[in-house]
Structure formats: structure tokens, C-alpha cells
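1. Structural data only, the sequence is not supplied:
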């Protein structure tokens, strides 16, 4: 794949996977596909369910500035905050250079960086870790533990994560979501889900008290192993945070486009 092709794949994986997850939270969620902008917004207190992304390919600085203004207007009209995901390699060279000041003029501030990754790496072996057992998310108790790991890892109040995931049938059936258990304590989690012929990895997290022990990598391998075994898929994709970016190449993922996460200025 070329760089642009992988970037198109990466943004498309976001829009496909997030559409299903957002509609799981709210059947009336805003999931519009507008010219150059995809909205995936449940207006949930759990801000990861509130997403806007730019979808033009090879966009120049004028078009990017216009889209940033439109995205900001969409986000300002919502009750709860969320993120603009911007896939850098969809922009032309001039637009990339002008991105930071253009985002600031539109009313955004940079929240954190990420990286798109993908690879024809499946299947992967069933992982073994001396400290861990793995449990698939099948009950509300499992789902609450998964939500709490997200909140601890990303610094959200526990209640926000619980509101974001509580009672979901989708997470307990359609997603291959796994907890890494150290005894009876959930210490890490990861999920995969089928999205347009790929296995999409989402919501990997490790409790801050249990990081740097290989738990996140192990549970990601488990979610990939089980997802591939069930679907027969051979290609996997993900969007890595800065903390997770060093882990995934060890599994076989290759980085592609940088991703910028923006929030509206307070």
C-alpha cells in the first residue's frame, strides 16, 4: 500500500468501526457523512464516543482551513466535549505545514498525538503470560471492569467510562473484548472487531499501577488471536496512542499516518 492508501484505510476504519460503537450507545447518535467530514457523535459524557474527522484526500491549506471551521461549528453545537481526529497524511505538504496555526484559528487545541498502524499479520499465536489469565467480556461485571480500566488509563472519572460502556450488548457479543486478569484483578484490556474486511483493534488499556509488565501487549495478542480465529481475517488495523506506539510493531503492525487529536479551546 502507498502512504495515502494506508491513510485512507486508516480513516475509513475509524468511520466504520466508530459508527457501530456510537450507535450502540445511542440509536439516535449523529453519524452523518458530510462533504469532507465524518461525524460519529453519541454526545456521551465518555468523550471517546464523540468524534469528528476530516475525510478529504490530498486536501490543500484552504480546504483544510474550511473543514476545520466546519468541524468546530459541529462540535460547538454539542452538549458534551469530544475529539477531532485529523489524519495528517490525507493532507498535502502545504496543508501539513499550515495545520497548527489553522487549527488554532479555528478554535482547536492539540490534545495528544497518535499513529495509524496496520499489517497483514493474522493469525497470531494464542498468547501465554506467566502472570495472566484472559477472560472474554460477556457480563455487565466484565464490562464495568473494562470501563474502569479505560478511565484509569486515560484519566477520566470512573463514572464517565461506566456511562460509556454500561449495558452494551454489542461489546458482549460483536466485539472480541478481553480482560487480562492477575488473579481476580483486571489489570489490562483490549478489543477487536470486524470492520470492512479488517480486524480493528480498539480500547487497549493497562491500569497505571500495572504498566511496563507486558500486560497490554499480551491482552492485545489475545484479542487479535480470538478475533482472527472467529473471522478468518488476515489484516489488522489500529490507532495507537503515544504510549502504545512502541508495543504494536512487536506484534507485527507497521506505522503509517500520524494522527492529531484536537479538542475545542475552553
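-> Happy to help now that I have it. What you are looking at is a predicted structure, and each value in this text was computed from that prediction instead of being measured.

2. Any stretches of the protein with poor pLDDT?
-> Along the chain, segments meeting pLDDT under 70 span 1-2.

3. List the buried residues of the helix ranked longest in it.
-> Counting residues, the longest helix in the chain under DSSP state H turns out to be helix 3-25. Across helix 3-25, burial judged by 16 or more other C-beta atoms under 10 Å covers 6-22, 24-25. Heads up, the C-betas are built off the backbone N, CA and C, glycines and all.

4. Contacts made by that helix with the rest, please.
-> Applying C-beta atoms under 8 Å, 6 or more residues apart in numbering, the contact partners of helix 3-25 are 1, 29, 31, 33, 38, 40-42, 44, 46, 49, 51, 53, 55, 57-58, 85, 87-90, 116, 118, 164, 168-171, 174, 193, 195-196, 198, 200, 202, 237, 239, 256-257, 259.

5. following it, which helix or strand comes up?
-> strand 33-34 (DSSP states H and E).

6. following that next one, which helix or strand comes up?
-> Downstream of strand 33-34, the first helix or strand assigned by DSSP H and E is strand 37-41.

7. what's that next one packed up against?
-> helix 3-25, strand 50-54, helix 61-76 (3 or more C-beta pairs under 8 Å, 6 or more residues apart in numbering; DSSP states H and E).

8. re earlier: out of the contacts of helix 3-25, which end up buried?
-> The buried subset of these (16+ other C-beta under 10 Å) comprises 29, 31, 38, 40-42, 44, 46, 49, 51, 53, 55, 57, 85, 87-90, 116, 118, 164, 168, 171, 193, 195, 198, 200, 202, 237, 239, 256-257, 259.

9. Can you list which of the contacts of helix 3-25 are found in strands?
-> Among those, the residues falling in strands (DSSP state E) are 33, 38, 40-41, 51, 53, 85, 87, 116, 118, 193, 195, 198, 200, 202, 237, 239, 256-257, 259.

10. still on that earlier bit, mind checking the helices and strands packed on strand 37-41 for the one nearest to residue 126?
-> With C-beta to C-beta as the criterion, residue 126 lies closest to helix 3-25 of the helices and strands packed on strand 37-41, at 23.8 Å.

11. Strand 37-41 and the closest one, what's the angle between them?
-> Angle, helix 3-25 to strand 37-41, by axes from the mean of the first three to the mean of the last three C-alpha atoms, to 10 degrees: 30 degrees.

12. chain center to helix 3-25: distance?
-> In this view, helix 3-25 has its centroid 9 Å away from the chain centroid, taken as C-alpha atoms, centre = their mean, to the nearest Å.

13. what's the first-to-last distance across stretch 241-250?
-> End-to-end distance for stretch 241-250, by C-alpha to C-alpha, to the nearest Å: 15 Å.

14. for stretch 162-180, same thing?
-> End-to-end distance of stretch 162-180: 18 Å, with C-alpha to C-alpha as the criterion.

15. Show the contacting residues for residue 135.
-> When contacts are counted by C-beta under 8 Å, 6+ apart, residue 135 touches 142, 178-179, 181.
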